[in-house]
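Q: coordinates only, sequence not included:
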């Protein structure tokens, strides 16, 4: 298996998890917050997609789908256009409201952009340093694994919250 195939498979699993978490839910369901303060499905999926969009665009040297395709305007969230959700307060989490079609559409476009990039990645490319702000510097391989791990974790959290929504 080539590294590009492995990466495409991993990002495909994220996509599948996102769709399992959001498909068929109402905006009200997507906004449900466990104990009234936990992360909603809407926020979890928006955040994991924003992080993937931000990080892949950075390593690919492209623009983010969020801004280049106008998703920032379609979502119309009361957040800065560069916001990815990192370090959000409870009020900021509550501000991320949307419907399943919009959330799924944004994730799908980010997924396609991700696949276009990872299908060009060779094993040798994985050693390329993409972030020197860390010690040791971060390679492309480490950055991609980091995004995959974070996104799968958040997709799992969204699936857990969906289970809570379905039992209400």
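A: Okay, I see it. A quick note: this is a predicted structure, and the numbers were derived from the prediction, not measured.
Q: can you give me the strands in the protein?
A: 129-131, 138-139 (DSSP state E).
Q: right, so those: which one is the most enclosed?
A: strand 138-139 (a mean of 16; mean count of other Cβ atoms under 10 Å). To be clear about C-beta, it is placed using only N, CA and C from the backbone, and glycine gets the same treatment.
Q: partners of that strand, with directions?
A: strand 129-131 (antiparallel) (DSSP bridges).
Q: rewinding a little: I'd like the strands of the chain as JSON lines, with mean pLDDT and distance to residue 78 appended.
A: Below are the strands of the chain laid out as JSON lines (pLDDT from 0 to 100; distance: least, Cβ to Cβ, whole Å):
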{"stretch": "strand 129-131", "mean pLDDT": "95", "distance to residue 78": "29"}
{"stretch": "strand 138-139", "mean pLDDT": "97", "distance to residue 78": "32"}
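Q: Now those strands in TSV, please, with extra columns for distance to residue 18.
A: Below are the strands of the chain laid out as TSV (distance: least, Cβ to Cβ, whole Å):
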stretch	distance to residue 18
strand 129-131	24
strand 138-139	25
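Q: Run a quick neighbour tally on the nearest residue to residue 147 once chain neighbours are set aside.
A: Counting by Cβ to Cβ, 6 or more residues apart in numbering, residue 55 is the residue found nearest to residue 147 once chain neighbours are left out, at 5.0 Å. Using other Cβ atoms under 10 Å, residue 55 has 21 neighbouring residues.
Q: Done for today, thanks.
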